[in-house]
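Novice: Mind looking at a prediction? Sequence and model below.
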2 protein chains.
Amino acid sequence: MKDTQKTRERLIDAMAQLVQIKGFNSTSVNDVIQAVGIKKGTLYYYFSGKDELGLAVLERDRDEFLSFLDTNLSGTDPQKSIEHFFKAAFKKHKDTGFVGGCLWGNTALEMSDTNLVYKNVVEEVFAEWIAKVESVIRSGQQTEQIRTDRSACELAYLVVACFEGGIMMSRITKKDYPFKSCLDSIRTLLKSENIHKTADNHIRG
Amino acid sequence: MKDTQKTRERLIDAMAQLVQIKGFNSTSVNDVIQAVGIKKGTLYYYFSGKDELGLAVLERDRDEFLSFLDTNLSGTDPQKSIEHFFKAAFKKHKDTGFVGGCLWGNTALEMSDTNLVYKNVVEEVFAEWIAKVESVIRSGQQTEQIRTDRSACELAYLVVACFEGGIMMSRITKKDYPFKSCLDSIRTLLKSENIHKTADNHIRG
């Protein structure tokens, strides 16, 4: 990696780490140059200011997140694919001790009403995330692994909502339980085989 | 209301409105005194500073939210009680055009890792919210209206997660669909009668 490229990456890394904990609004250009150990002029050589640096963080993390989704939501068996994705996502957040949470959820709540450029990136990420989950759910409905009394689109929104709400509650409590329990529950509630089993029990009872 | 009480309330109102849109970090004492139209000294007569004023906002909104839950999650029929609560919550957020979102979700993500006092109020609100939903779900399980293959506690976490994630997505898109669809889906997925119906269809099929 060239030196200039390296400095640019270090600035993005530092901004990303600060934003994940403190948010965009509370992170200053001074925080970033202090973390990297460079002069302010060097930052302005690479970025016009905090907004452009913040956008670089969002764009890099968007690419990483969409590639994470492609890796972990793939496979020929839709149900296994969803389980694999849930497992990978849980591990990813558990590894941080639920500090920082989800950049997309954080930015959604911090910036949706105040920064249109950031809001657009966040909106794009959620739309792609939902579309990918929807596609797997649709396949699962075709193979009768996933319930069909709600559309694939509706269930995809529900899955993403559970993710965001679950991570939020684990971030507050710094405990696995909220996020893990939400993932386990939604997996159970999505299954159509589970519908039949419960009904069988009911019929037997 | 006495004049001093009135000024104190106006300060809390102004801070609450600013925080709902911009968050705590981006709201300054100057923003608040400008909004109320008073001198800085007057604010410091009532509050030691921004942190104490912010705490007063959280404490007032906590009391209002817990009372909203008591009003809208009551009733003798658990299923109707949940439907009533979902309807009231949807209306509450739709009325704002999904600007501002949920103060508790916003504060959870903005403050969980940086302000212990705020975090504690947020944690308390979520714990009480989950406990109230759990209690209604448990009643619904006893009357066989709600599925029993996941515990009342697990399902309560799921409901609250769906709320927070659903509001988040409606706040990004400024559309009803994400939140409304999440509420409709989770209501369908909670029902045990729905399990039987779907299974009946399956058996007939």
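Specialist: Here it is on my side, so go on. No experiment lies behind these values; they were computed from the predicted model shown. Numbering: from 1, shown residues only, chains lettered A, B, ... in the order given.

Novice: any weak-confidence spans in chain A?
Specialist: Regions of chain A meeting the criterion pLDDT under 70 cover residues A:1, A:193-205.

Novice: all helices of it, in order?
Specialist: Secondary structure of chain A (DSSP state H): helices at A:3-22, A:29-36, A:40-46, A:50-72, A:78-94, A:103-111, A:116-142, A:152-173, A:177-190, A:192-204.

Novice: can you list contacts of the second one?
Specialist: If I follow you right, that is helix A:29-36. Helix A:29-36 has contacts (C-beta atoms under 8 Å, 6 or more residues apart in numbering or on different chains) with A:7, A:10-11, A:14-15, A:17-18, A:22, A:39-40, A:42-43, A:49-50, A:53. Using the backbone N, CA and C atoms, a C-beta is placed for each residue, glycine as well.

Novice: ok, and which of the residues you listed reach chain B?
Specialist: residue A:22 (C-beta under 8 Å from any C-beta of the partner chain).

Novice: hmm, which of the contacts of helix A:29-36 are the buried ones?
Specialist: Among these, those classed as buried by 16 or more other C-beta atoms under 10 Å in any protein chain shown are A:7, A:10, A:11, A:14, A:15, A:17, A:18, A:22, A:43, A:50, A:53.

Novice: Looking at those, which is nearest chain B?
Specialist: Distance to chain B, by C-beta to the nearest C-beta, is smallest for residue A:22 among those, at 6.0 Å.

Novice: Leaving out the residues flanking it, which one is nearest to that closest one?
Specialist: residue B:114 (6.0 Å; C-beta to C-beta, 6 or more residues apart in numbering or on different chains).

Novice: Was I right to think that neighbour contacts residue A:21?
Specialist: Yes - if you go by C-beta atoms under 8 Å, residue B:114 and residue A:21 touch, sitting 6.8 Å apart.

Novice: The residue nearest to residue A:98 when sequence neighbours are not counted - how many residues pack around it?
Specialist: Distance criterion C-beta to C-beta, 6+ apart; nearest residue to residue A:98, sequence neighbours excluded, is residue A:170 at 4.5 Å. Residues near residue A:170, counting by other C-beta atoms under 10 Å in any protein chain shown, number 26.

Novice: List the residues that contact residue A:170.
Specialist: Contacts here follow C-beta under 8 Å, 6+ apart; on that basis residue A:170 touches A:93, A:98, A:176, A:177, A:178, A:179, A:180.

Novice: any idea how far the nearest residue to the fifth one once chain neighbours are set aside is from residue A:144?
Specialist: If I follow you right, that is residue A:178. Distance criterion C-beta to C-beta, 6+ apart; nearest residue to residue A:178, sequence neighbours excluded, is residue A:169 at 3.4 Å. Applying C-beta to C-beta, to the nearest Å, the value for residue A:169 to residue A:144 is 32 Å.
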